[in-house]
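Have a look at this fold, sequence not included:
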Ligand code: CP
């Protein structure tokens, strides 16, 4: 096994706070509306073994805004369907000229495996139930657009935390900066062991308790595709945990409502909350582009 190439982004857990701040600072200097040739001549492969709308499109726009070429490879339309392994796919992409691979895979650790065998940076665009580092970074970027700093901040994460790579990366990132993080949901979604994910996490089953005094509410999708063997009653989840306008009033008056998407209106939140003045859900998606421009610039050695 080799050390991943410089610039790889495989997770938040092992990133230092100063590296995170460096990426956030770089993202603030990126302008997706103004193409600049920072990555001209570079080839970025978007290798997606799972579906994606936001991550895939924003990495593609980010790469193109920096002048790079992109190729999309999806499992359903490539030789992956014929049984080619992850590593053989990686060697093939490197051989045809890839300079960087952005990879989403249903198995935790798949991007790490790729990174250990290739001499080019690999960016984890979501690996199973493990991490989704670019999402945590764009969420942090979004929070800091509305809050002066992480100091004294209270973030409440509600929903399917057990199956969520977004929650894992967010917990690692926020606790590195001393943010108070409360996890809220039923035991199927928030087992007690979730508290050991990062230092200082608090768990509550009561949404009213979770919301009181919070600055940021992060809602998560119920991931039916990862729930084999679980029998969660959605009616009961909605009754106890759905974010409604009435519940939102329990949080701070200017609390942000966030959701990594895709949102399911009528399940995790009501439509009036999704479209309300406190919702920054669309802004989160928008912020994915400058954040991923920064990630790609760092990956390809242009993070000056
Ligand atoms: N938040 C997120 O990862 O969305 P996609 O699955 O659409 O990329």
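Now that the structure is in, tell me what you want to look at. What you see is a predicted model, and the numbers here were worked out from it, not measured in a lab.

can you give me the strands in the chain?
With DSSP state E, the ranges of strands along the chain come out as 43-48, 69-74, 100-105, 122-127, 154-158, 180-184, 202-204, 216-219, 256-258.

If you count neighbours, what's buried in stretch 204-222?
Buried residues in stretch 204-222, counted by 16 or more other Cβ atoms under 10 Å: 204, 207, 210-211, 214-222. The way it works is simple: take the backbone N, C-alpha and C, and place the C-beta from them, glycine included.

Farthest pair within those residues?
Farthest-apart pair in the buried residues of stretch 204-222 is 215 and 222; separation 24.2 Å (Cβ to Cβ).

Residue 288 is nearest to which of the strands of the chain?
strand 122-127 (10.8 Å).

got the angle for the closest one vs strand 43-48?
For strand 122-127 against strand 43-48, the angle by axes from the mean of the first three to the mean of the last three Cα atoms, to 10 degrees is 20 degrees.

Could you show which parts of the protein are in contact with the ligand?
52-56, 126, 135, 260-262 (Cβ under 6 Å from any ligand atom).

which regions of the stretch 1-150 of the chain sit below the pLDDT cut-off?
Residues of the stretch 1-150 of the chain meeting the criterion pLDDT under 70: 1.

now residue 195, nearest residue through space, not along the chain?
Spatial nearest neighbour of residue 195, excluding adjacent residues (Cβ to Cβ, 6 or more residues apart in numbering): residue 201 at 4.9 Å.

Surely that neighbour is in contact with residue 181?
Yes - with contact defined as Cβ atoms under 8 Å, residue 201 counts as touching residue 181 (5.4 Å).

Mind checking which of those two has more residues around it?
More crowded of residue 201 and residue 181, by other Cβ atoms under 10 Å: residue 181, with 23 against 19.

Tell me the confidence at that one?
Residue 181 carries a pLDDT value of 98.

Bridged to it, which residues?
On the basis of DSSP bridges, residue 181 is bridged to residue 155.

separation between it and residue 153?
Distance of residue 181 to residue 153, computed by Cβ to Cβ, to the nearest Å: 9 Å.

One more: residue 298?
Distance of residue 298 to residue 153, computed by Cβ to Cβ: 25 Å.

what about residue 302, distance to the ligand?
Distance of residue 302 to the ligand, computed by Cβ to the nearest ligand atom, to the nearest Å: 24 Å.

about what we covered before: what are the neighbouring residues in contact with the residue nearest to residue 195?
Neighbour list for residue 201: 171, 175, 181-183, 194-195 [criterion: Cβ atoms under 8 Å, 6 or more residues apart in numbering].

All the helices of the stretch 151-300 of the chain, in order from the start?
Using DSSP state H, counting those that start in this stretch, the helices found in the stretch 151-300 of the chain span residues 165-176, 207-211, 234-241, 245-248, 271-274, 281-299.
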